[in-house]
Each structure stands twice: as structure tokens, then as C-alpha cells.
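>>> quick one, fold the following:
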Amino acid sequence: MLRLIGALACCVLLFVSSASAQATKIRFTLDWKLQGIHAWYYWAKDKGYFKAEGLDVSIDQGEGSAATVTRIMSGAYDAGFGDENAVIQTAAQKPGEAPVMVYMIYSRAPFALLTKAGSAVKTPKDLAGRKLGTPPGGASFKLLPLLAKNNGIEVSSINVTNVAPNLQEQMLLQGQVDAIAVFTATSYMNLVSLKLDPDKDFRWLYYADSGLDLYSNGVMVSPKLAKEKPEAVKGLVRAVNRAVREVMADPDAAIELLAKTEPLINKDIEKRRLLYVYKTLIDTPEARSAGLGDVDDARLTKSVDIIAQAFELPRKPGASEVFDRSFLPAKPERMPPALKP
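Numbering: from 1, shown residues only. As a prediction, this is how the structure comes out:
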């Protein structure tokens, strides 16, 4: 009997060990500190969607949308949420080494210049000779040379001041800089949290209105993960897609769940941020046509052309090098849900 019990115990241990070994570990980096716009990743983890796909996903906060690319290329992370434009630049310079986008989330870019409503900076051209505050790792700063070139000014004429991400709005308010290069999803709500009116008290100069109709953030993976474990990538995308749709169907529950991970978040602010981003960057006419996660090939190709020219890249990567739709679920599963009134 003791031998039988021992044999059964060994079988159980072997089964558990085998199940654990089969789970694909994915180290996932966010683009920034934990915010409402990251709710779906934690939703997918908490609801067991990653686990159901045979994945063991760990999630860390980030240091900037463009920095997600370098984090993945360093080998520290397998996947992440970051900027497509940084992928394009890297793919042009290091073919085969850059991450590939597999699920586009922000089909409209949230890049903008922010200044006070009464500022002399009324167009991008007005930045010449003035101080611009920006974190060095931010995607809006990475795209500044492109914005400058498209608007007929020398980027060297802009006095760039590196600032800590959490001090951008304060430095603008104190007059230490004339404008800041921002990610609207972050700065809009930072101003709200300061009891300011983002629409009345400030001027927003959107990159999209100045010749840069670009894509932005989405889920990207390392070429190694895409090549060696394509089913794991499909599972990651399925889990995230399901979570995005469920989070937007019940944002209150999603924010409550997020608060369990980070009790210090302001739930009202993060819910408003989540809804603002969904309405302005995610639930676009293109997303309603193609489904969440996909892109328009012609638009993406144009984006590659613009970035390659503006940054004088050594080559233009093909659209398939920077975005791979083969991991996407079927279109009916990716339609953006309507928000509840």
C-alpha cells in the first residue's frame, strides 16, 4: 500500500511539473506606469485568460512607448505594449531584430504638443527658439524631428529640456518651458487631476493635424517568440483582445480590479482616462471597419515612407516586417463594443 501511495504521489508531482513546464513564460512590459489604459492586461491575467492559453505572463511597468522596443530587443522582455513608429525605425536599422506589432490598439496616434491657451506657441513652427520640455524616452519626443521637418523648421532651433515624466505639466504651469511634447492619454488626465480644464485652459497641437497620420501603441512581440512559439503569440493576442472587449463592456469592474493591483490609483481619474482613450484613440472609424487590432495596409505603408524620409533611415522596412496580422483572431471577434450610456 505504501508503495502504491508513493507511486501515486510521484505521478501527481510529475503531472504538476509537466503542466508547469508546458506553460510558456512571457515577460510583458507596459509603456508606462500603471494606468486605466492598462486594465485589459490585468483583466486577462486575473480572469485566467492567459493561463487558459497555456501562458504564464508577468507584467511590469514601463519607461516610455519607444523604450518598449529596446526593452524587448535587450532580451529582458518577450512582449510589450509600445509604439509602432519606434518599431519602424528599429526595423529599418536592424532588420530581423526589431519586435513586430501583432495587435494594434491605438489606431489614432496620441502625440501632441501641449501649451497654455494664451501661449505664443500656436503652431509647431512657433517652437523655433522656444523651450520644449519632454522625457527623453517618450514617443512624442522621438517623433519631434519628423514633426519639425514636416512643418518647415529645424529641430536644432528648438531648445529641448529633458524633464521627468511626472513633472512635465508642472514645469509648463510654472513657465519653465513654453510647451511640452506629450502623450494625450497621460497629460489630459494629469491636468484633470490638477483640477484644471484641459480643453479651456490649454492648447493641444496634435501631430495628426500637422501631417503625421500615424499609428501608435499596440502589442508587440520579439521576433524569437513570433518564430519559435507562434501559438503562444496567438494565445496572447486572443487573451488581450477578449479582455479589451470585456473591459470596455464593464469599465467599472475593470478599474476596481486594477485598484487591487495598485491601491494608490485614483479610480475616478483612471476610469475617465480609460473612456477618453477608448473614444479618441481606439474606437475609430478604421477600427469599426477592420476590427480591433488590425491596420490599413496602405496607411501603414505611408507611415513607413514618412518616417523613413524624415529620419533618413537606411531602408524602408516592408509593412509585413513591422506588423503581422496572422496572429489576430477572426474579425467578428474583434469588433469594438459600444460604450454603455
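
>>> list the contacts of whichever strand or helix holds residue 56.
Secondary structure here is read from DSSP states H and E; on that basis residue 56 sits in strand 55-60. By CB atoms under 8 Å, 6 or more residues apart in numbering, the list of residues contacting strand 55-60 from outside reads 23-30, 41-42, 44-45, 50, 77, 232, 235-236, 239. All C-beta spots, glycine's among them, are computed from the backbone N, C-alpha and C.

>>> strands paired with that strand, and their directions?
Within its sheet, and counting by DSSP bridges, strand 55-60 is paired with strand 24-29 (parallel).

>>> buried set for the strand it pairs with?
Along strand 24-29, the positions that meet the burial threshold by neighbour count (16 or more other CB atoms under 10 Å) are 24, 26-29.

>>> then stretch 241-254?
By neighbour count, and taking 16+ other CB under 10 Å as the criterion, the buried residues in stretch 241-254 are 241-248, 251, 254.

>>> do you know how far residue 235 is from residue 139?
Distance check for residue 235 against residue 139: by CB to CB, to the nearest Å, it reads 27 Å.

>>> more neighbours: which of those two?
residue 139 (28 against 22; other CB atoms under 10 Å).

>>> that one and residue 89: what is the separation?
Taking CB to CB as the measure, residue 139 and residue 89 are separated by 11 Å.

>>> could you look up the SS state of residue 203?
Taking DSSP: H, G, I helix; E, B strand; the rest coil as the rule, one finds residue 203 in the strand state.

>>> and it, what's its pLDDT?
pLDDT, residue 203: 97.

>>> begin at 25 from now on, thanks
Yep, numbering from 25; the last one is residue 227 now.

>>> that one touches residue 146, doesn't it?
Yes: here residue 227 reaches residue 146: they are 7.0 Å apart, a contact under CB atoms under 8 Å.

>>> higher neighbour count, those two?
For residue 227 against residue 146, the residue with the higher neighbour count under other CB under 10 Å is residue 227, and the figures read 17 against 10.

>>> let me see the contact set for that one.
Each residue near residue 227 by CB under 8 Å, 6+ apart is listed here: 138-141, 143, 145-146.

>>> which secondary structure element contains the closest residue to residue 185 other than its chain neighbours?
Counting by CB to CB, 6 or more residues apart in numbering, residue 157 is the residue found nearest to residue 185 once chain neighbours are left out, at 5.0 Å. Taking DSSP H and E as the criterion, residue 157 maps to strand 155-158.

>>> run through who's touching that strand.
Applying CB under 8 Å, 6+ apart, the external contacts of strand 155-158 come out as 137, 164-165, 168, 182-187, 192, 195-196, 200-205.

>>> how about a cut-off of 6 Å?
Contact partners of strand 155-158, identified using CB atoms under 6 Å, 6 or more residues apart in numbering, comprise 165, 182-185, 187, 192, 195, 201-205.

>>> adjacent strands (with direction) for that strand?
strand 183-186 (parallel), strand 203-207 (parallel).

>>> helices of the stretch 175-324 of the chain, start to end?
Counting by DSSP state H, counting those that start in this stretch, one finds helices in the stretch 175-324 of the chain at the ranges 192-197, 208-217, 247-252, 254-273, 275-285, 291-301, 309-314, 321-334.

>>> and of these, who's closest to residue 122?
Distances from residue 122 to each of the helices of the stretch 175-324 of the chain were compared by CB to CB, and the smallest falls on helix 247-252, at 7.4 Å.

>>> and the closest one, what's buried?
Along helix 247-252, these residues count as buried under the neighbour rule (16+ other CB under 10 Å): 247, 249-250.

>>> repeat for stretch 151-159
If you call a residue buried by 16+ other CB under 10 Å, then stretch 151-159 has these buried ones: 151-152, 154-159.

>>> these into a markdown table, with extra columns for distance to residue 120 and pLDDT?
Putting those into a markdown table (distance: CB to CB, whole Å; pLDDT from 0 to 100) gives the following:
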| residue | distance to residue 120 | pLDDT |
| --- | --- | --- |
| 151 | 36 | 96 |
| 152 | 39 | 96 |
| 154 | 40 | 97 |
| 155 | 40 | 97 |
| 156 | 35 | 97 |
| 157 | 36 | 97 |
| 158 | 30 | 94 |
| 159 | 29 | 90 |
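
>>> quick check: the farthest pair among those?
Farthest pair in the buried residues of stretch 151-159 (CB to CB) is 152 and 159. Separation: 21.6 Å.

>>> ok, the buried residues of stretch 265-278 vs residue 293, which is closest?
When those are compared for distance to residue 293, the smallest value, 12.8 Å, is given by residue 275; criterion: CB to CB.

>>> that closest one: what's it in contact with?
Contact criterion CB under 6 Å, 6+ apart gives 295, 298 as the residues in contact with residue 275.

>>> run the last query once more with 10 Å
Counting by CB atoms under 10 Å, 6 or more residues apart in numbering, residue 275 touches 60, 63, 294-296, 298-299, 302, 363-364.
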